[in-house]
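Colleague: no letters, just coordinates:
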């Protein structure tokens, strides 16, 4: 690395409504990011933003973490792909790891239900009027299961439990909207 050069810090973005049904083996799928939606940090991810990173890094090069903590890997991603909606993820918690079993229990209870991405911005432009940053190229490092996602629609869509999941999602989205300054921790 050249003298005086420091890499840009990894940024994080979360997407509510992201995780779908959790299987008994710890497998789940959902969306880690949605295209065309302004998040709580005033960022908007454009379609194709992940394509180059996914091609270069591959699924095995993107980590599954808990709360963006690099000391807390909790599983592996089985597939990461862009579609018309956003970044679709399919992964499996490693149930031999104690934290993964805890996360699975919390997901089933509705206590943790968000997905969030950790990345470096490669190409992006901020509109001077709206102050929205349009991200056209992202270097994806990790996707985390989180309590408070940056995109209020990145939530677990279904977990086997007695409580109404739709009600839990609505309450979580209302709580996030009430906290406009909340941002995930940067890694």
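Modeller: In hand now; what should we look at? Keep in mind that what you see is a predicted model, and the values were worked out from it rather than measured.
Colleague: which pLDDT value goes with the spatially most central residue of the chain?
Modeller: When C-alpha atoms, centre = their mean is applied to the chain, the residue found nearest the centroid is residue 116 (1.9 Å). Here the pLDDT value assigned to residue 116 is 92.
Colleague: start the count at 56 instead of 1 going forward.
Modeller: Noted, 56 is the first residue going forward, which turns the last one into residue 171.
Colleague: so which elements touch the helix or strand containing it?
Modeller: Taking DSSP states H and E as the definition, residue 171 sits inside strand 169-181. Other elements packing on strand 169-181 under the criterion 3 or more C-beta pairs under 8 Å, 6 or more residues apart in numbering; DSSP states H and E are strand 66-70, strand 82-89, helix 106-112, strand 188-201. Every C-beta, even on glycine, is put in place using the N, C-alpha and C of the backbone.
Colleague: just the mean pLDDT for stretch 191-200, thanks.
Modeller: Averaging pLDDT along stretch 191-200 yields 96.
Colleague: ok, now stretch 156-164?
Modeller: Here the average pLDDT along stretch 156-164 is 90.
Colleague: buried residues, it. List them.
Modeller: By neighbour count on 16 or more other C-beta atoms under 10 Å, the buried set for stretch 156-164 is 158-159, 161-162.
Colleague: show me the two of those that sit farthest apart.
Modeller: The largest separation in those, counting by C-beta to C-beta, is between 159 and 161 at 7.3 Å.
Colleague: low-confidence stretches in the protein?
Modeller: 56-77, 209-242 (pLDDT under 70).
Colleague: go again with 50.
Modeller: 56-57, 60, 71-73, 213-242 (pLDDT under 50).
Colleague: ok, how many other residues are close to residue 180?
Modeller: 10 (other C-beta atoms under 10 Å).
Colleague: right, and it touches residue 186 too?
Modeller: No. Between residue 180 and residue 186 there is no contact under C-beta atoms under 8 Å: 11.5 Å.
Colleague: circling back to that earlier point, would you mark the buried spots in the strand holding residue 171?
Modeller: 169-174, 176, 179.
Colleague: stretch 187-207 now?
Modeller: Across stretch 187-207, burial judged by 16+ other C-beta under 10 Å covers 188-190, 192-201, 203-207.
Colleague: out of the helices and strands packed on strand 169-181, nearest to residue 132?
Modeller: The minimum distance between residue 132 and these falls on strand 188-201, with 6.7 Å, by C-beta to C-beta.
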